[in-house]
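Undergrad: Just to be clear, the model below is a prediction. Sequence and coordinates:
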Amino acid sequence: MNIDEELTVLESQLRRLKIEYEIFFSSPTKKPPTDIEWKVLALLRKFSDGGRMSFSQRYRYNEMAQRYAVYSDLWRKKARIREEGYRRPQDAMLSVQGVRPEERKSEHKVYGVSAAAAALAAGAATKAEPVSVQCSDPQNEREQVAKLYRALITAKKNAGETVAGNADSFTSFVQKKTDQIRKQYNCQSVEFSVELQEGQVRLKAKAKS
């Protein structure tokens, strides 16, 4: 089984896990889906370093790891409410707010999954790699521009920033910026890079000979 096939399995298992947890929390006699969750965690750990994956595969993996981290936090809170009962009136309405800010987080494993395991997935999801590409004619270098666009989208999502525009408008922007810098500096190409500065994602461009 290749990496793409294993990522498809991970996506399927994660979707199934979400459904099983919804059933679990709606039924007092249902057991938690720990077997499925361990399969999800095993695949998340297997690809956490991202060393053998292409950029598109890492992007796909990061998206699923982020999704699991969010789900896992929600399930932990709902499980605590289920065990200890509602602490505040709004808990009964939301069914997720089981822990007051001043309270210590639970250190024991919740239904076979530890907080450290969830943190592993979250850490893998937010791990960013510096990405840079060189362009001389972006309209004819679609793969390079697409790689840059995916890196920008991923970085902005990880930083909690709003993503505006689409791939076509981004390509037009990169083309315009490339033409401008090539004319200004009389250079052969332009290097674009996605960077995080003071907590904000920046797209940098500089002349290359």
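TA: On my side now, so go ahead. The model shown is predicted, which means the values in this text are computed figures rather than measured ones.
Undergrad: so where do the strands sit in the chain?
TA: If DSSP state E is used as the criterion, the strands of the chain fall at 131-135, 189-197, 200-208.
Undergrad: Redo these as a markdown table? Include mean pLDDT, mean neighbour count and distance to R182.
TA: Bear in mind the C-beta positions are built from the backbone N, C-alpha and C, glycine included. A markdown table is the format used below for those (pLDDT from 0 to 100; neighbours: other C-beta atoms under 10 Å; distance: least, C-beta to C-beta, whole Å):
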| stretch | mean pLDDT | mean neighbour count | distance to R182 |
| --- | --- | --- | --- |
| strand 131-135 | 86 | 18 | 10 |
| strand 189-197 | 86 | 17 | 6 |
| strand 200-208 | 85 | 14 | 8 |
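Undergrad: now these as a markdown table including distance to R60?
TA: Shown next, in a markdown table, are the strands of the chain (distance: least, C-beta to C-beta, whole Å):
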| stretch | distance to R60 |
| --- | --- |
| strand 131-135 | 16 |
| strand 189-197 | 18 |
| strand 200-208 | 20 |
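Undergrad: Quick check: which of the ones you listed is nearest to S27?
TA: Nearest to S27 among those is strand 200-208; the distance by C-beta to C-beta comes to 42.7 Å.
Undergrad: I would like the residues contacting that closest one, please.
TA: If you take C-beta atoms under 8 Å, 6 or more residues apart in numbering as the criterion, strand 200-208 is touched by 134, 148, 152, 155-156, 159, 161, 177-178, 181-182, 184-185, 187-196.
Undergrad: Can you list the strands that it pairs with?
TA: Partners of strand 200-208 in the sheet, by DSSP bridges, are strand 189-197 (antiparallel).
Undergrad: Lowest-scoring secondary structure element of the protein by mean pLDDT?
TA: Here the helix or strand of the chain ranked lowest by mean pLDDT, DSSP states H and E is helix 89-94, holding a mean of 46.
Undergrad: measure the residue of the chain positioned farthest from its centre to K206 for me?
TA: Going by C-alpha atoms, centre = their mean, the residue of the chain most distant from its centre is N186, 38.9 Å out. Using C-beta to C-beta, to the nearest Å, N186 is found at 14 Å from K206.
Undergrad: If anything else comes up later, I'll come back, but that's it for now.
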